[in-house]
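In: sharing a model that was predicted from the sequence below.
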Amino acid sequence: MSTVLIVGAGTMGHGIAQVAAATGDTVRLFDPLAGATERGLTKVRENLDQGVAKGKVTAESRDATLARLSGAVDLASGAAGADIVVEAIPERLELKVALFKELDVLTSAACVFATNTSSLSIAKIAAGSAHPERVIGTHFFNPVHLMALLEIVVHEGTSADVLARVQAWGKQLGKDAIVVRDFPGFASSRLGVCLGMEAIRMVEQGVASPEDIDKAMVQGYRHPVGPLRLSDLVGLDVRMAIGEYLAKELGNPAFEPPALMRKMVAEGRLGKKAGRGFYDWP
Ligand code: NAD
């Protein structure tokens, strides 16, 4: 790939933008919310500065990455000449369908439409587009610059050429990719979200503190991070939307968001991005 548009500059969007720019792409970041694109660009700058401070990134590489990254003032200017568009907007089917429909007329014929959805049907997202063969899932993990996995999700209509281009792009980004068929929750979220929901039910039932439930998985099962801390990192609102969708699509109540999760989301205790979730994030 060479010119990349990332739509949505939140938790995932800014991270994907950083990794693409760091590995040589010309990257544009666009978010319609006032100030959000600039906040995303600032987060990339801060990540890279931290990398320099820790000796993991050279100052030259930071500067070169930032030189390849810019904010787009609108979707049309961001999409012009893009080889791939990756959307990282909220986990709502109608938003993603509407976005790809809009991009149909703003992009060139070879542009790949990639979605960072954690769980939604790629075929349903593609169904709204005039070019479903160009739609593919590129599920990155949080934080994008540190997590090696890239889950590539193909629906039945995804073309072999698009898959090959995205696999090559994944290599360029330094990711370890898996290719998964278009089933709800793919290979990762279906297992991860199930564990997260059960851990929240255990907090509700007073089984143990969030810290100790997490410790059980970290020390006892060698998970690098416990399910409640991970829910905080992902965002409780994001995980709740995935859980609702998977409960319905898979007909499995294990994915149903527990009452405690709904209450925390209603109160704005969304996890790290809100400063408070199961843990305090000062
Ligand atoms: P987020 O809430 O941090 O960011 C979403 C951004 O999209 C916001 O800045 C918002 O202003 C913008 N936005 C809203 N509506 C839009 C629209 N119509 N067009 C363009 N931009 C719009 O969300 P996130 O955590 O980055 O999640 C984005 C996607 O990535 C979701 O599909 C989510 O399921 C998936 N995902 C999230 C994680 C995670 O750990 N948070 C991990 C993997 C995948």
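Out: Right, received. Where do you want to start?

In: quick one: pLDDT of the one residue in the stretch 151-282 of the chain that gets nearest to the ligand?
Out: Closest to the ligand within the stretch 151-282 of the chain is Val234: 3.7 Å, counting by CB to the nearest ligand atom. The C-beta positions use only the backbone N, C-alpha and C, and glycine is treated the same way. Listed pLDDT for Val234 reads 93.

In: what's near enough to touch it?
Out: Thr11, Asn142, Gly271 (CB atoms under 8 Å, 6 or more residues apart in numbering).

In: for Phe141, see how far away it is.
Out: 9 Å (CB to CB, to the nearest Å).

In: which ones are touching whatever residue of the stretch 1-150 of the chain ends up closest to the ligand?
Out: Per CB to the nearest ligand atom, Gly10 is where the stretch 1-150 of the chain lies closest to the ligand, at 2.0 Å. With contacts defined as CB under 8 Å, 6+ apart, Gly10 is in contact with Asp31, Ala36, Gly40, Ala88, Lys273.

In: okay, those in a markdown table with neighbour count next?
Out: Formatted as a markdown table, the contacts of Gly10 follow (neighbours: other CB atoms under 10 Å):
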| residue | neighbour count |
| --- | --- |
| Asp31 | 23 |
| Ala36 | 18 |
| Gly40 | 27 |
| Ala88 | 27 |
| Lys273 | 17 |
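
In: could you list the domains of the protein?
Out: Using automatic domain parsing, the domain ranges for the chain come out as 3-181, 191-274.

In: average pLDDT for the longest helix seen in the chain, rounded please.
Out: If you go by DSSP state H, the chain has its longest helix at helix 36-53. Helix 36-53 carries an average pLDDT of 98.

In: now do stretch 123-134
Out: Averaged over stretch 123-134, pLDDT sits at 96.

In: so which bits of it are buried?
Out: Ala123, Ile125, Ala126, Ala127, Gly128, Ser129, His131, Pro132, Arg134 (16 or more other CB atoms under 10 Å).

In: circling back: and the ligand, which of the contacts of Gly10 contact it?
Out: Among the contacts of Gly10, the residues lying close to the ligand (CB under 6 Å from any ligand atom) are Asp31, Ala36, Ala88.

In: if we can go back for a sec, identify all contacting residues around the longest helix of the chain.
Out: By CB under 8 Å, 6+ apart, helix 36-53 touches 9-10, 13-15, 17-18, 21, 29-31, 57-59, 62, 65-66, 69-72, 143, 145.

In: many thanks, have a good one.
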